[in-house]
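Participant: Have a look at this prediction, sequence included:
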Amino acid sequence: MICPNCGKEIPEGHMYCDDCGTEINFVPDFEPEVENKIKESLTGLANELTKDEKKWLERKKKLMSFLNVCRKKKLTFLVCALAVVLVVCIFVTFAGYNSRSPKYYLRLAGDSKNSGKMDQAIEYLAEGNQAFPDDSDIIFRLSDYYLEVGKNAEAVDVLKQITGSSSFSDEKVLSAYEGIISIYKQEGAYQEVTVLLTEEDTDITRSLREKYIPASPKMVPVSGTYEGTINVEITADENCSIFYTVNGDDPDNSSIAYENEIVLDENGEYDIKAVCVNEYGLYSEMVQQSYVLEHGAPAPPEIMEPSGEYNQNTMIVAVAEAGSTIFYTTDGSDPTVESKQYISPITMPVGTSVFKFIAFNQDGDCSEIVEREYHLIYTRLVSTEQAVNSIVNTLVRLDILLDSSGKVRGQDGHNEYIYTSVIEIQGAGEYYVVTENHVSNDGTVKPTGLMYAVNTHDGTVNRLGYDSSGKYTLITISNR
């Protein structure tokens, strides 16, 4: 053998040139008989292959090109071995395509579809799905074929084999969910998307809920029984529309669009249901509140001035809810519609007073009675001595007494006036009580039976008497 590098003779069996060290690559000559046998084997096998195996024929051609460059007979065994390996590979591939494996069913379905036989293609995939239920390629292909022939429900059911199983990767499960959602969106079956993503609580469904389903609206007040008018407010996330019903039907985008608070002002039961619809046209979970409205008795009137002590002019103000009328008493009796009607603020009487208020609505229902007790006493500006002097001066002015010493016309001796106590006369204020005695010349003191009342604030003088019930009453002196 001649070295291809330096041209020196290389002894038989040497792998390197002894002169230049070049490695010798042995390329065997090819036996024509071996080539013919290989050709016969490959040709016979190729006739059995379908068009799906043509790529393997290309590999065979490349291998034949390689074999054609073989030159040395010493490597005939190696060439035969390579041919056998090639035949085995082609056989295994052919067997894989023709045995009942997932690829087998996919190939048959693909051929049928290409031939326009969609029903046959679906049958092949359905059979493959039954034989290999965990093969996602068959499931996704079968779902696609169902969609192509308009069988959306069947396409969804097939994909649910993945979403409802723990045998598939998260990526496959997510793809299946997205496929189902896409089908529902095309059909406008938005409620089904909500149901689909709320049946299971997983990381995948939670992420999809955040992406597709709006949060439920919030409704206040809470369900319950209410008196009077109530305003129901519904709120939702941004970019969501709210729809509601009050007739018991489940709301959708053809129901009443919420714009302002819902005013409930008539007796009865109300069942309000509401949903949100987002920009995808998907619905939130529905919320529901039930209200029972009972007007019944009106609210008690609100009296602005609380019970207590007062020392200056004060007006008593009463407020009732719309549609109600207020009545009141000051004698301690319970008010009715026959009592005095409250029309405007009332001047608080001097001294101690008791007011009772009640409200009646248009239906004649009455509220609870509200009671207030006031004690209005002005600051004392008059002393007891001044009160006594005021009585004497008043009696002198009225010619009842002759002079300030208490002389009485036609009588011996004189009158004297003694302060005894402070009293409060309801509705009139606080008074000093002064009794009148007659003192004879011999010093005998005898009560005349007359009493006087002097206002502790302004010094006005009155006779003091009793009414039929025994209560103090004021008598103007000039009318004596």
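Facilitator: Sure, I can see it. Residues are numbered from 1 along each chain as shown.
Participant: quick one: contacts for I138?
Facilitator: P102, Y105, L106, L125, G128, N129, F132 (Cβ atoms under 8 Å, 6 or more residues apart in numbering). (Glycine included, C-beta is placed from N, CA and C.)
Participant: tell me which element it falls in.
Facilitator: In this structure, I138 sits in helix 136-148 according to DSSP states H and E.
Participant: these two touch, right, I139 and N129?
Facilitator: Yes: using Cβ atoms under 8 Å, I139 makes contact with N129 at a distance of 6.3 Å.
Participant: what's the overlap in contacts for the two?
Facilitator: Shared contacts of I139 and N129, defined by Cβ under 8 Å, 6+ apart, comprise V158, Q161.
Participant: neighbour count winner among those two?
Facilitator: Shown here are I139 and N129; by other Cβ atoms under 10 Å, I139 has more neighbours (25 against 19).
Participant: And the helices in the stretch 251-400 of the chain?
Facilitator: Applying DSSP state H, counting those that start in this stretch to the stretch 251-400 of the chain gives helices spanning 384-397.
Participant: any low-confidence regions in it?
Facilitator: The stretch 251-400 of the chain contains no residues with pLDDT under 70.
Participant: Could you pull out the strands in it for me?
Facilitator: Taking DSSP state E, counting those that start in this stretch, the strands of the stretch 251-400 of the chain run over residues 256-257, 262-264, 268-277, 287-293, 302-303, 308-310, 315-316, 318-319, 325-329, 340-341, 346-347, 351-360, 370-376.
Participant: And V195, how close does it get to V292?
Facilitator: Distance, V195 to V292, by Cβ to Cβ, to the nearest Å: 31 Å.
Participant: Please apply the same query to G110.
Facilitator: 65 Å.
Participant: just Y184 next, same as before
Facilitator: Between Y184 and V292 the computed distance is 38 Å (Cβ to Cβ).
Participant: Comparing the two, which residue is more hemmed in?
Facilitator: The residue with more neighbours, out of Y184 and V292, is Y184; 21 against 14, by other Cβ under 10 Å.
Participant: so who does that one touch?
Facilitator: Taking Cβ under 8 Å, 6+ apart, we find Y184 in contact with V156, Y190, E192, V193, L196.
Participant: rewinding a little: buried ones in the helix holding I138, by neighbour count?
Facilitator: By neighbour count on 16 or more other Cβ atoms under 10 Å, the buried set for helix 136-148 is S136, I138, I139, F140, R141, L142, S143, Y145, Y146, L147.
Participant: what do you get for stretch 250-261?
Facilitator: P251, S255, Y258.
Participant: and the most centrally placed residue in the chain, bridged to which residues?
Facilitator: Nearest to the mean C-alpha position of the chain, counting by Cα atoms, centre = their mean, stands K218 at 2.7 Å. Note on K218: beta-bridge partners T235, judged by DSSP bridges.
Participant: so what's it up against?
Facilitator: Neighbour list for K218: I234, T235, A236, V287 [criterion: Cβ under 8 Å, 6+ apart].
Participant: The last one pairs with what?
Facilitator: So the one you mean is V287. On the basis of DSSP bridges, V287 is bridged to A274.
Participant: and it, what does it touch?
Facilitator: When contacts are counted by Cβ under 8 Å, 6+ apart, V287 touches S216, P217, K218, M219, K273, A274, V275.
Participant: can you tell me which two in the residues you listed are farthest apart?
Facilitator: Pairwise distances across the contacts of V287 peak at 13.6 Å for K218 and K273 (criterion: Cβ to Cβ).
Participant: I'd like the distance between the closest residue to K172 other than its chain neighbours and S167.
Facilitator: Nearest non-adjacent residue to K172, counting by Cβ to Cβ, 6 or more residues apart in numbering: S136, 4.9 Å away. Plainly put, S136 is 9 Å away from S167 if you go by Cβ to Cβ.
Participant: From P447, how far off is the residue nearest to the centre of the chain?
Facilitator: For K218, the distance to P447 - Cβ to Cβ - is 81 Å.
Participant: swap in T198?
Facilitator: Relative to P447, and taking Cβ to Cβ, T198 is found at 96 Å.
Participant: what's the answer for L108, then?
Facilitator: 135 Å.
Participant: do the same with Y431
Facilitator: Distance from Y431 to P447, by Cβ to Cβ: 19 Å.
Participant: same check, this time on A297
Facilitator: Per Cβ to Cβ, A297 is found 56 Å from P447.
Participant: repeat for M348
Facilitator: For M348, the distance to P447 - Cβ to Cβ - is 36 Å.
Participant: Could you do T476 as well?
Facilitator: On the measure of Cβ to Cβ, T476 and P447 end up 22 Å apart.
Participant: what about stretch 446-465, average pLDDT?
Facilitator: Here stretch 446-465 scores 94 as its mean pLDDT.
Participant: Tell me the buried residues in it?
Facilitator: Neighbour counts over stretch 446-465 (16+ other Cβ under 10 Å) mark 450-457, 459-464 as buried.
Participant: nearest to Y283, of the buried residues of helix 136-148?
Facilitator: Of all the buried residues of helix 136-148, Y283 sits closest to L147, with 23.5 Å by Cβ to Cβ.
Participant: can you count the residues close to the closest residue to the closest one other than its chain neighbours?
Facilitator: Of all residues beyond its chain neighbours, the one nearest L147 is A155 (4.8 Å), with distances taken as Cβ to Cβ, 6+ apart. Per other Cβ under 10 Å, the neighbour tally for A155 reads 22.
Participant: Next up, the contacts around A155.
Facilitator: Neighbouring residues of A155 by Cβ under 8 Å, 6+ apart: S143, D144, Y146, L147, G179, I183.
Participant: Where does the nearest residue to the second one once chain neighbours are set aside sit: helix, strand or coil?
Facilitator: The shortest distance from D144 to any residue that is not its chain neighbour, by Cβ to Cβ, 6+ apart, is 7.6 Å, and that residue is A155. In three-state terms, and counting by DSSP: H, G, I helix; E, B strand; the rest coil, A155 is helix.
Participant: roughly how far apart are A155 and V454?
Facilitator: If you measure A155 against V454 using Cβ to Cβ, the figure is 105 Å.
Participant: Would you confirm that I272 contacts I262?
Facilitator: Yes: assessed by Cβ under 8 Å, I272 is found in contact with I262 at 6.8 Å.
Participant: Could you check the angle the one helix or strand Q130 maps to makes with helix 136-148?
Facilitator: Q130 belongs to helix 118-131 when elements are defined using DSSP H and E. If you take axes from the mean of the first three to the mean of the last three Cα atoms, to 10 degrees, helix 118-131 sits at 150 degrees to helix 136-148.
Participant: what comes up buried for helix 118-131?
Facilitator: Buried residues in helix 118-131, counted by 16+ other Cβ under 10 Å: A121, I122, Y124, L125, A126, G128, N129.
Participant: do the same with stretch 464-480
Facilitator: Using 16+ other Cβ under 10 Å as the test for burial, stretch 464-480 gives L464, Y472, T473, L474, I477.
Participant: Give the closest residue to the fourth one in space, chain neighbours not counted.
Facilitator: Right, L474. Using Cβ to Cβ, 6+ apart, the closest residue to L474 is N462 (4.2 Å).
Participant: which residues sit in contact with the one you found?
Facilitator: N462 touches Y431, Y452, A453, V454, N455, L474, I475, T476, I477, counting by Cβ under 8 Å, 6+ apart.
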